[in-house]
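Q: Just to be clear, the model below is a prediction. Sequence and coordinates:
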Amino acid sequence: MERKPFGLERMQEIQTELQAKYLERWGGLSPEKGINQLLWMMIEAGEMADVMKKEGVEAIVENPGIRAHFVEEVCDVLMYLNDVLLCFGITPEEVETAYEAKHARNMKRWE
């Protein structure tokens, strides 16, 4: 089986599958639920910061166990971010267009 490229499109597919599996338990995604998903994302970002604070940034680079824990927290943030995007029907194409436009502005910001 050929592996699909892993990017925002694949992440949204995975999150859609997960949300469908737990629809009755979690209640699905909607614009009204977007704030909750954003708050959960921020909590997970705090957990990333906790790893940095408690373990030190060098350990994230040098210690495989700590690095794995940090990467898992990164994944949690990305999962909730994708839930937020799905709550508002924001497509990978929209993000790509806006991201590239923002990058172009940033590249000229201090010229």
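A: Looks like it arrived, so ask away.
Q: show me where the chain has helices.
A: Secondary structure of the chain (DSSP state H): helices located at 8-21, 23-26, 34-55, 57-62, 64-87, 92-107.
Q: can I get those in CSV with mean neighbour count and distance to E2?
A: Glycine gets a C-beta too; all of them are placed from N, C-alpha and C. Shown next, in CSV, are the helices of the chain (neighbours: other C-beta atoms under 10 Å; distance: least, C-beta to C-beta, whole Å):
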stretch, mean neighbour count, distance to E2
helix 8-21, 15, 13
helix 23-26, 10, 29
helix 34-55, 15, 31
helix 57-62, 12, 32
helix 64-87, 17, 23
helix 92-107, 11, 19
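Q: Compare those and give me the one nearest M1.
A: helix 8-21 (14.1 Å; C-beta to C-beta).
Q: what residues does that closest one touch?
A: With contacts defined as C-beta atoms under 8 Å, 6 or more residues apart in numbering, helix 8-21 is touched by 4, 26, 28-29, 78-79, 82-83, 85-86, 92, 95-96.
Q: picking up where we left off before, what would the helices of the chain look like in a markdown table with mean pLDDT?
A: Output for these, formatted as a markdown table (pLDDT from 0 to 100):
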| stretch | mean pLDDT |
| --- | --- |
| helix 8-21 | 96 |
| helix 23-26 | 96 |
| helix 34-55 | 98 |
| helix 57-62 | 97 |
| helix 64-87 | 98 |
| helix 92-107 | 97 |
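Q: L81 reaches W40, doesn't it?
A: No: using C-beta atoms under 8 Å, L81 is not in contact with W40, being 10.0 Å away.
Q: returning to that earlier point: and the contacts of helix 8-21, which two are the farthest apart?
A: Farthest pair in those, by C-beta to C-beta: W26 and E96, 27.5 Å.
Q: Could you find the closest non-adjacent residue to L38?
A: V84 (5.2 Å; C-beta to C-beta, 6 or more residues apart in numbering).
Q: Same check on Y80?
A: Closest residue in space to Y80, ignoring its immediate chain neighbours: M41 at 3.4 Å, by C-beta to C-beta, 6+ apart.
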